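[1] sequence and computational prediction follow.
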Amino acid sequence: MGSPQPRTGAQQLLEEQGVRPTARRIAVLEELLAEPNDATAQALHDRLRRRGEAIGLATVYRTLGVLVDAGIVDALSHGHGELCYRLCGEGHHHHLVCTGCHRVVELGSCELDDWLERAAGAHGFRPTGHRLEVQGLCAGCRRG
């Protein structure tokens, strides 16, 4: 009887979030673990294919959907008509996204709740959550 395979960080993360760790999910999540900023589904698919993974683009999209639904990754809308995906820290946070180099900075503190309650209340809304993605240019892209 062989010894069990060691768990990867991706596998452990999936298990901790109650997501069945299939080979495809692990592969996609490993690519996101190696990404310092964000990536489109197409970019992840290209990287996986280059490293020899036999995975279809539709499978990458489905897998990313599962990961977003489980709260493991965030989907950012700053791409030109395509979502970008990022493995984020836990808890409520927002993003600063550079439109030049795609650098992403997580903002951990949020002071929008009081303002949002007032603004939504003025229109008869009751907020149940919010996401904020600020687009702009990082210092490096502004200098370039």
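    Structure's in. What do you need? Numbers count the residues shown, from 1 in each chain.
[2] would you mind giving the domain segments of this protein?
    Recorded structural domains for the chain (assignment: automatic domain parsing) are 1-88, 90-144.
[3] mean pLDDT for those domains - can I get that in CSV?
    Formatted as CSV, those follow (pLDDT from 0 to 100):
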stretch, mean pLDDT
domain 1-88, 88
domain 90-144, 85
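[4] and those domains, which is most packed in?
    domain 1-88 (a mean of 16; mean count of other Cβ atoms under 10 Å). Every residue, glycine included, has its C-beta placed from N, CA and C.
[5] show me where the chain has its strands.
    Secondary structure of the chain (DSSP state E): strands located at 39-40, 73-76, 84-87, 94-98, 104-107, 133-136.
[6] name the nearest residue to the spatially most central residue of the chain, sequence neighbours excluded.
    Of all residues in the chain, the one closest to the mean position by Cα atoms, centre = their mean is residue 86, 2.5 Å from it. In space, and not counting its chain neighbours, residue 86 is closest to residue 38: 4.0 Å by Cβ to Cβ, 6 or more residues apart in numbering.
[7] which ones are touching residue 39?
    Going by Cβ atoms under 8 Å, 6 or more residues apart in numbering, residue 39 touches 31, 32, 47, 84, 85, 86.
[8] hmm, I was thinking of residue 83
    When contacts are counted by Cβ under 8 Å, 6+ apart, residue 83 touches 40, 41, 75, 76, 77.
[9] is it true that the first one touches residue 82?
    Spelled out, that is residue 40. Yes: taking contacts as Cβ atoms under 8 Å, residue 40 lies within contact range of residue 82: 5.1 Å.
[10] what's opposite the closest residue in space to residue 67 that isn't next to it in sequence in the beta bridge?
    Leaving aside its sequence neighbours, residue 67 sits nearest to residue 73 (Cβ to Cβ, 6+ apart; 4.5 Å). Residues in a beta bridge with residue 73, per DSSP bridges, are residue 87.
[11] residue contacts, residue 73?
    So residue 73 contacts 29, 32, 64, 67, 85, 86, 87, 88 (Cβ under 8 Å, 6+ apart).
[12] so residue 140 touches residue 101, yeah?
    Yes: at 6.7 Å, residue 140 counts as touching residue 101 under the criterion of Cβ under 8 Å.
[13] all good on my end, thank you.
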